[in-house]
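**Student:** pasting the structure only:
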């Protein structure tokens, strides 16, 4: 089988470094480009680091992007010009940026996921089922924990789970977003979805969805112990995307959850 040429953006970040390690251990891929947002005279696995330019992405079949929204928008603009597939694991997009991603997906295949883990995407699916099955008497909240260096909150995964709650009730997610707390020991349920984000230590990721009627509580949760599960998920997404036409896809499409 011919190897898939991969470009990895933000290669010095936590996920960027993990992607490089996972790609080196996967015989289906070859790294052809590593980029960063600033000029760094350094080589990783014999590859010179570059800025996000047309030249940097020319040889790539797929670009994998785990950076920040501003950088992702820059990469998308170039990917669109070159007609390159892109896997986006970046989180924290504004509504305007989300709409821009949809616009770009009309030209190129894009797989975007707030979380690349199989388990988390199953959790989202179960969250949607629970939300649909439980009556409107059940109030909801979402709790998440990440390492102290994670800047955005709630996490992309927490927002994914919130969207699962909204989809289950057949309601617009943005109209259901409640209060967003940071580092609170406790936080309330609400008629809208309340979020609490904890930032501490080196925790890779914990997510919990709770439904309460006041008489009973239903809890769904997931814990991540190894960052490799995200990079391996991104590589699975990259391989899957090779056969796709322009469009905006998710891990749910890949996993074929109905």
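**Tutor:** Looks like it arrived, so ask away. Keep in mind that this is a model prediction, so the values were computed, not measured.
**Student:** how about low-confidence regions in the stretch 151-258 of the chain?
**Tutor:** For the stretch 151-258 of the chain, the stretches flagged by pLDDT under 70 are 258.
**Student:** What segments of it are helices?
**Tutor:** For the stretch 151-258 of the chain, helices defined by DSSP state H, counting those that start in this stretch occupy the ranges 156-168, 173-176, 228-241, 251-255.
**Student:** As a markdown table, those with mean neighbour count and distance to residue 199 would be great.
**Tutor:** For glycine as for every other residue, the C-beta is placed from the backbone atoms N, C-alpha and C. Formatted as a markdown table, these follow (neighbours: other Cβ atoms under 10 Å; distance: least, Cβ to Cβ, whole Å):
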| stretch | mean neighbour count | distance to residue 199 |
| --- | --- | --- |
| helix 156-168 | 23 | 12 |
| helix 173-176 | 13 | 23 |
| helix 228-241 | 22 | 18 |
| helix 251-255 | 19 | 25 |
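**Student:** Now residue 129: closest residue in space that isn't a chain neighbour?
**Tutor:** residue 168 (6.9 Å; Cβ to Cβ, 6 or more residues apart in numbering).
**Student:** quick revisit: mind checking the helices of the stretch 151-258 of the chain for the one nearest to residue 30?
**Tutor:** helix 228-241 (11.7 Å; Cβ to Cβ).
**Student:** element containing residue 63, please.
**Tutor:** Using DSSP states H and E, residue 63 maps to strand 62-65.
**Student:** partner strands of that strand, parallel or antiparallel?
**Tutor:** Strand 62-65 has the following strand partners under DSSP bridges: strand 4-9 (parallel), strand 85-88 (parallel).
**Student:** got these as CSV, with mean neighbour count and distance to residue 126 columns?
**Tutor:** Listed next are those as CSV, based on neighbours: other Cβ under 10 Å; distance: least, Cβ to Cβ, whole Å:
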stretch, mean neighbour count, distance to residue 126
strand 4-9, 25, 31
strand 85-88, 26, 24
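**Student:** can you list the ones you listed in a markdown table and add mean pLDDT and distance to residue 212?
**Tutor:** As requested, those are exported to a markdown table (pLDDT from 0 to 100; distance: least, Cβ to Cβ, whole Å):
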| stretch | mean pLDDT | distance to residue 212 |
| --- | --- | --- |
| strand 4-9 | 97 | 41 |
| strand 85-88 | 98 | 34 |
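**Student:** Just put the ones you listed in TSV and tack on distance to residue 107.
**Tutor:** Shown next, in TSV, are the strands paired with strand 62-65 (distance: least, Cβ to Cβ, whole Å):
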stretch	distance to residue 107
strand 4-9	18
strand 85-88	11
